[in-house]
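1. Quick check, what structure comes out for this input:
(2 chains)
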Amino acid sequence: MIAIWNNPEFLRNARSQLRPGRSLATAVICAAISIVIGFAISHQTEYGRASGSYGWGLQILQTAFWLQALMLAAGGGIACINSIHREKEQNTFDYQRETRLTPLELTLGKLFGAPVFTYFVFLCLMPLAIFGAVEGHRPFLSVVAAYAVLLVATLTIHALALLISLLTVRGSHTGAILLLLVLLGGTASGGGGSRAFQVHSLGPFYAAEVVGWGELGSALPRTPVGRFESQWGVDVFFGQEVLHVPLLLVIDLLFAAWFLLALVRNIKRDPNYYEIYSPLQSLGFAIYLNLLLVAFFNWQSAPPVESQSILLSLNVGIFFCLGLSALRNRERVRRILRAEQTDANRWLATAWPAPLMIAGTLAIGLLIILGVAEGRNPGLEWNPNLAVLRSLFFVAWITRDMQFLQWMGLRRGKHQLVMGVLYLVIFYVCASILMASLGIFTKPERIPFSAFFEPSAIYLLDHSAWALRPAIWIAAFVAQWVLVAVFIGLERQTIEELESTASAPAALPVAAQT
Amino acid sequence: MIRLQNVTKEYDLPPGQPGQLVAADRLTMEVPAGEVFGLVGPNGAGKTTTLKMICGLMLPTAGRITVNNIDVEQQAEEVQQYIGYLADFFSVYDDLKTWEYVEHFARSYKMERSKISARVREVIGVLGLETKYDALVGGLSRGMKQRLGIARAIVHDPPLLVLDEPASGLDPKARLELKDLIRRLNREGKTVFITSHVLSDLEEICTSLAIMEKGKLLRVGKIGDVMRGAGMTKRVRMRLAAPGFALAAWLASQPGVSEIKDAGPEAEFVFPGTDTELAALVRQAVTAGAPL
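-> Predicted coordinates for the structure are as follows:
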């Protein structure tokens, strides 16, 4: 593999983004901003007056980290989102796909090349950060840990942004950037861990918090600015207290690896045949996400039924994303019908994505049940049979909706999948309003009827609710599978129509006489 | 060099129109090494789709394509070392310098690093862009950008050049230069697969030709044979500057010439060959003593 500093794509970006004039101007602007920030904080804040250089040094360092994180994560992320998308718009991407660069080399070249200007700004802000660290008497390890957090978390954001860029279609570019900024905003606000999950933020802005930490292992702050310092953050991972920084590095690197895998699988493919993950990889990614959820979940924060409900609710988002990425478009199905004419492939094409959804949701449902069974408070009520039923309802519900979307996506017309998602949203909104007006959510004996339409009630199904109307719960469960069968039937019909429109046999070309 | 076996590509027609568009309908053909192979057809015939499938940029709905006996779909990166590709649109990196642009692709095609610099200079020289060596690509004219595109396509010295409508948008002078360049590259041993919707762009440079329409190959073969078979003949009028030469009788003795109308110092006839073959006929007439 080509080293990154020799990677043609990295070099191309570096050459075009770091022309001497532009670099010089950037360095001068960064120096001016650094001087202004250093002067302002050291002379005009309470830190400067009250606690000497310890206080304002730390303040400068944290400001520098915020600027560096903002530049790298937001600026670099936007650059990554622009990179492949813009190349597709300019028609230069085909030339890159045509070169001999392997998918990994092309991906790495873009991953480090697209945001190369933001890396340069990051370096230009380093003197300010070093000045703050020295004046603030920061422990060396804290500063190194903060930079590790910043760079690794940023790398993950960049990999995600690049993946979004690859998948972005014309017209959705602005939405993609907004999505990235919302995601970054979410990671910037986290920091103390939530009640349900015992984990600190995994985002790059957490680095600014890390530099405020004292010496590793010291029980109490020893510096004169003790009130500005805190101890190293600790998470609870599978019931064990673990330092957050190494955990963050491992988790973020694994996320980056998952995003890179998706990029490498697809970056040189025909865009009509993008497949983010293979079915097995999709299952692996869902299991990885759920292991994290289970590992950090605070089992004492809620009763077992509620714990299962929280984790299944989070999986709705996970499986909707995975399900959407697994849906097949007409091009792919056409190819399966024309090129891979085996019975197994045809059967799978007809029922897709039910097998993947059932296997994935079932595995995750059981994983959550195991987690709850192990971590719950043994004194609280827990009925494993009802827990399994809740999981099976989750399986049926996700499969039903994905099967509907697959059928919609295969129908002929423009933006059929988008229309499908829209119909689904309208369905849930209308069903909720209707059921609320009929008092279905408020009267215990009516709650089972809601399970025909949406799964909110099933998540809190306990023994007393079951005992009220078991037949209705079972009927609602069966109804979900009937709907799955109906959508498979409709999908089959659409596929048959697709197959029947195949062209008539072509006349052989007339070979000219020689 | 290139072999297509039952290659099919189907698309949906725009909403509101029933059925589907078959951009390539079970195409089967072979392009031997050393040919300048032209694919001609009207807009929307499926030429670009076919070409993109040959380059591995687009997957066929069905069928198999090999280049140098390597399956394009299975071993795309292996195949790509043999192919130099030029799309039918001008797309370059405007923020790079000319040499940087060509060097970027030399590196991307994994040329030996020690040879890259010399090769970049050589290719830029061959394409006549020496004076723009250090200029930003964004400032080049349309014709120069097209030449730069060809420089990119040939920098790694591929045995196969795949050019999609390379003459479109070029002025007449640039077109002539392009034809000369393609002939030169072919003499150097390169196989050239070229598309156009204008037959006259191809007939002077191609050795073989395929005619495509609505995704189907109508005719394939040596250019003269295809043109004769397809009824692509020329009606030619020759006039003598001075009497004394039996022009109609001489024409009647020439192979391929038909429907001769004798009108004294003037003769009108049907000729099935290419422009090059017609030029050869004129030369023969002059050699035979006709004061044309």
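2. C-alpha from now on. contacts and neighbour counts both.
-> Will do.
3. so how far is the first residue of stretch B:51-63 from its last?
-> 14 Å (CA to CA, to the nearest Å).
4. Tell me how far the residue minimising distance to the centre of chain A lies from residue A:185.
-> With distances taken as CA atoms, centre = their mean, residue A:160 lies nearest the centre of chain A, 7.5 Å away. Distance, residue A:160 to residue A:185, by CA to CA: 15 Å.
5. Which elements pack onto the lowest-mean-pLDDT helix or strand in chain B?
-> One helix or strand of chain B scores below all others by mean pLDDT, DSSP states H and E: helix B:223-229, with a mean of 74. When contacts are defined as 3 or more CA pairs under 8 Å, 6 or more residues apart in numbering or on different chains; DSSP states H and E, helix B:223-229 packs onto strand B:208-213.
6. What are the contacting residues of the strand it packs on?
-> B:35-42, B:44-47, B:217-223, B:226 (CA atoms under 8 Å, 6 or more residues apart in numbering or on different chains).
7. Out of these, which sit inside strands?
-> B:36, B:37, B:38, B:39, B:40, B:217, B:218, B:219, B:220, B:221, B:222 (DSSP state E).
8. Now the buried members of these.
-> B:36, B:37, B:38, B:39, B:40, B:217, B:218, B:219, B:220, B:221, B:222 (16 or more other CA atoms under 10 Å in any protein chain shown).
9. What score does the most centrally placed residue in chain B have for pLDDT?
-> Residue closest to the average C-alpha location in chain B (CA atoms, centre = their mean): residue B:194, at 2.9 Å. Note for residue B:194: predicted pLDDT of 93.
10. I'd assumed residue B:162 was in contact with it.
-> Yes. At 5.9 Å, residue B:194 and residue B:162 qualify as touching, with contact defined as CA atoms under 8 Å.
11. Tell me how many other residues surround the residue in the stretch 51-200 of chain A that chain B sits nearest to.
-> Proximity of the stretch 51-200 of chain A to chain B (CA to the nearest CA) peaks at residue A:100, 4.8 Å away. If you count neighbours by other CA atoms under 10 Å in any protein chain shown, residue A:100 ends up with 23.
12. ok, back up a step: check the residue nearest to the centre of chain A and give its pLDDT.
-> 95.
13. Could you report the separation of residue A:444 from chain B?
-> As judged by CA to the nearest CA, to the nearest Å, residue A:444 and chain B stand 48 Å apart.
14. whoops, residue A:433 was the one
-> Counting by CA to the nearest CA - residue A:433 and chain B are separated by 34 Å.
15. for the stretch 101-250 of chain A, what spans make up the helices?
-> A:103-113, A:116-124, A:126-135, A:140-167, A:173-189, A:206-210, A:244-266 (DSSP state H, counting those that start in this stretch).
16. tell me which residues in the fourth one are buried?
-> When neighbours are counted by 16+ other CA under 10 Å, the buried residues of helix A:140-167 are found to be A:142-143, A:145-167.
17. Same question for the last one.
-> By neighbour count, with 16+ other CA under 10 Å as the criterion, the buried positions of helix A:244-266 are A:244-245, A:247-249, A:251-253, A:255-256, A:258-266.
18. next structured bit after it?
-> helix A:279-296 (DSSP states H and E).
19. which residues touch that next one?
-> A:197-199, A:235-239, A:258, A:311, A:315, A:318-319, A:322, A:326, A:356, A:360, A:364, A:367-368, A:371.
20. C-alpha coordinates for that helix, CSV please?
-> In CSV, the C-alpha atoms belonging to helix A:279-296 read as follows (Å, rounded to 0.1, in the frame of the first residue of the first chain):
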residue,chain,number,x,y,z
PRO,A,279,-25.6,-8.7,5.3
LEU,A,280,-23.1,-10.3,7.7
GLN,A,281,-21.3,-7.0,8.2
SER,A,282,-24.6,-5.3,8.9
LEU,A,283,-25.3,-7.8,11.6
GLY,A,284,-21.8,-7.3,13.0
PHE,A,285,-22.3,-3.5,13.1
ALA,A,286,-25.7,-3.8,14.9
ILE,A,287,-24.1,-6.2,17.4
TYR,A,288,-21.2,-3.8,18.0
LEU,A,289,-23.6,-0.9,18.7
ASN,A,290,-25.6,-3.0,21.0
LEU,A,291,-22.6,-4.3,22.9
LEU,A,292,-21.8,-0.6,23.6
LEU,A,293,-25.4,0.1,24.7
VAL,A,294,-25.4,-3.0,27.0
ALA,A,295,-21.9,-2.3,28.3
PHE,A,296,-22.6,1.3,29.4
